[in-house]
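# Attaching a predicted model along with its sequence, questions to come.
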Amino acid sequence: MAEPDAVKIIHGNEACVEGAILAGCKFFAGYPITPASEVAEVMAARLPAVGGVFMQMEDELASINAVVGASWGGIKAMTATSGPGFSLMQEGIGYAAVTETPCVIVNVMRGGPGTGQPTLSSQQDVYQAKYGSHGDYEPIVLVPSSAQEALDLTVRAFNLAEEFLVPVIVLTDEIVGHTRERVAIRAPGEIKQRRKPGQGEYIPFRPMPDHVPLRGNFGEGYHILVDGQLHDEYGNRVGHIPEKSAQHVQRLCDKINQNRDRIADVETRNIEDAEVVIVSYGSSSRPALRAMKEARAQNLKVGWVKLKTLFPFPDEQLSAIPARAFLVPEMNVGKIVREVKRATGKPCLSLPKLGGELHTPAEILTALKEVM
Amino acid sequence: MHPLGEKYLRKSSLPTLFCPGCGDGTILNAMIRAIDKLGGTDHFLFVSGIGCSGWIPVFINADCIHTLHGRAIPVATGLKMAQPGKHVVVFTGDGDCLGIGGNHFIHAARRNLNVTVVMVNNYIYGMTGGQVAPTTPEKIVTKTTPYGNIEAPFDACGLARAAGATFIARHTTALPRLLMNDLVKAVQHSGFSFVEVMTQCPTQAGRAIYGSGEPSVLLNELKGRAVVAKNVELKPGQFRVGTLHQDASRPPYAPIVTAEGTA
Amino acid sequence: MKILIDEAYCKGCGLCITVCPQHALAPGSRRSQKGYLMPATAEDKCDSCKSCEIICPDFAIVTVKEP
């Protein structure tokens, strides 16, 4: 086990595992896929040493469902994959959402669609992370931009999963996953646990005032009924009753949307006087930061925002930025730019990049000058 | 209500949604009796798939997770890893287990995972209205085989054996006492236990395959084809009932743990 | 012997009638509140073998020895 304050040179995939272990993860079920396989490989070596269980399952469908089972058995559970496996897991993610099963799903994004680009990066799955499963639900999506953030945001993912009883997606990409950097192995803050029922009758899906139920686990004598069909507070199906069905789905969405102030997170630099602000996330936030600094060196009033949660989208933080225009570089056809446009209502220039390579700072600086 | 029902059923979910005369209710009955013999529901965790059989453990007042179609066995895998001291029992149907869930079935058997899988076989996809299943006999007309089924059915117990299951039994709702006895043995067996239960489905399979929606007719039909004797050769259409295979020598799946144990 | 049928749960499926070795149960003509046809009972023929209790999909029948 890593000593407190250990510092290592490791890549984002390994850092993600260290974050999971710091958060108390005791079960990993996964399937090999480039560029995420190292998450499984490091878990296979590390979990038994901390009293956890690693399983390589027969496919990604088994992986997400085993994670759901382990979570109801009372332990923190995670899986990791890339695009093709993430697509397979969507039904399971929706099941975790409707049953309010805390769990963490890591998607180390690669180029898509289909088999796509197994060894090159992209940010193409950003909408899939939010809308990938059928039905109306609200997963939490965190987006690390470095190996250190892969650790920090995986810890946060477990905390958010426990706090809100929801699947949390950690959306890294091949660049973050495979770039070796300096990582401090220590938990950034408190480790959260699901809120236990008190004395007296426990009604498994009765929400507290923040819309989140208390959580008793299987094997603790509560005789809980968990059903993927829309259900009432006792777990009994209500899919055939329109009013109760609507209430259930609404609460699942309110649980996240009305707690957005506790979830949405951004980092900002130089936005107070900026005329144009770059809104970036993941690995492309790094050339964006360099571009902002070079612009400032040329006396251009540019600011920089790094989204650390993609969803729930940080509407409030973005709409408060006084800039007159935004630039959104992303390694896809232009997706999060739509959210920025929606949240700010101001001109947004999309800077998409396909092919698998990061934007260069020069590319972003050129686009900035066009906007200014 | 029968005292065992009073003691073990989840009242808030009753009445059961099974059709009158559905074998799922008799299987529920047998499971309750097995639970009673084995010390009560606190020793059990239930997992079920999608289909009529998936509703069986929902009606038991115990921890139960009603999962996605075909995914009961991987959910049971994770649950067993988190709660190794409990009896994990899966209820699944022939479509849920051998169709969409087939891959999970053979791998759990290969691992010799210490869970019990009860596969309710009514030869059809009943819940969705009577489409052909991996177990439907050839030539049968169903909603998706209007010209007759051109595919051969699986032998589920043979598949379980080939995949490595260490306890295999086949039973029928027509002989419920034998079923209950082997449910107890299956749960007590340390390793992957598979119990196939040939079951009457009055509404779908009854009418499509046997030309009758009458539960009693279908029950007697099953009873007529069931062969309990071990050394008798089977005639076409018959199926052997009882413990078909048991191997206590193979250790059950146990994950590697190098520090203090799991939760 | 008393044969008690819980009309809140009996669905009139007739399986108990089929399995009873003593012919203590037969198709009846009275419907429950839910509309299912209830079995007719001949309690003097029942020896509480419990075959009906074991087959019943709805836990709706129980035989009780009279004191």
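Structure's in. What do you need? Numbering: from 1, shown residues only, chains lettered A, B, ... in the order given.
# So for residue B:263, what pLDDT did the model give?
In this model, residue B:263 is scored at 39, pLDDT.
# Give me the neighbour count for the closest residue to residue B:240 other than its chain neighbours.
Closest residue to residue B:240 apart from its sequence neighbours, by CB to CB, 6 or more residues apart in numbering or on different chains: residue B:227 at 5.2 Å. (Each C-beta comes from the backbone N, C-alpha and C, glycine too.) Residue B:227 is flanked by 15 other residues according to other CB atoms under 10 Å in any protein chain shown.
# got the contact list for the residue in the stretch 201-350 of chain A that chain C sits nearest to?
Using CB to the nearest CB, the single residue of the stretch 201-350 of chain A nearest to chain C is residue A:236, 17.1 Å away. Counting by CB atoms under 8 Å, 6 or more residues apart in numbering or on different chains, residue A:236 touches A:225, A:227, B:12-13.
# Quickly note the distance from it to residue A:318.
Per CB to CB, to the nearest Å, residue A:236 is found 41 Å from residue A:318.
# Repeat that for residue A:183.
29 Å.
# Leaving out the residues flanking it, which one is nearest to residue A:224?
The shortest distance from residue A:224 to any non-neighbouring residue, by CB to CB, 6+ apart, is to residue A:204 (4.9 Å).
# how about the residue of the stretch 1-150 of chain B at minimum distance from chain C, secondary structure?
Closest approach between the stretch 1-150 of chain B and chain C, counting by CB to the nearest CB: residue B:25, at 1.9 Å. Under DSSP: H, G, I helix; E, B strand; the rest coil, the three-state class of residue B:25 is helix.
# I'd assumed residue C:61 was in contact with it.
No - Residue B:25 is beyond contact range of residue C:61, at 11.9 Å (criterion: CB atoms under 8 Å).
# higher neighbour count, the two?
residue B:25 (28 against 24).
# Return the list of helices and strands in contact with the strand or helix carrying residue A:45.
Secondary structure from DSSP states H and E places residue A:45 in helix A:37-46. Packed against helix A:37-46 by the contact rule (3 or more CB pairs under 8 Å, 6 or more residues apart in numbering or on different chains; DSSP states H and E) you find helix A:12-23, strand A:25-30, strand A:53-56, strand A:76-81, helix A:174-178.
# looking at those, which is closest to chain B?
The closest of these to chain B is strand A:53-56. By CB to the nearest CB, the value is 4.3 Å.
# Report whether the closest one contacts chain B.
Yes - contact of strand A:53-56 with chain B (CB under 8 Å from any CB of the partner chain) involves A:53-55.
# ok, the residue nearest to residue A:52 when sequence neighbours are not counted - contacts?
Leaving aside its chain neighbours, residue A:52 sits nearest to residue A:26 (3.9 Å; criterion: CB to CB, 6+ apart). Listed by CB under 8 Å, 6+ apart, the contact set of residue A:26 reads A:47, A:50-53, A:70, A:75-77, B:82, B:262-263.
# try 6 Å this time
Going by CB atoms under 6 Å, 6 or more residues apart in numbering or on different chains, residue A:26 touches A:52, A:75-76.
# before we move on, what about residue B:65?
Residue B:65 sits next to A:72, A:226, B:47 when contact means CB under 6 Å, 6+ apart.
# which of the residues you listed has the most neighbours?
That'd be residue B:47 among the contacts of residue B:65, by other CB under 10 Å, with 33 neighbours.
# Identify the residues contacting that residue.
With contact set as CB under 6 Å, 6+ apart, residue B:47 has these partners: B:65, B:72, B:75-76, B:90.
# Determine the three-state secondary structure at residue A:364.
Classified using three-state DSSP, residue A:364 is helix.
# Would you state the predicted confidence (pLDDT) at it?
98.
# Point out where chain C drops to low pLDDT.
Counting by pLDDT under 70, chain C shows no low-confidence range.
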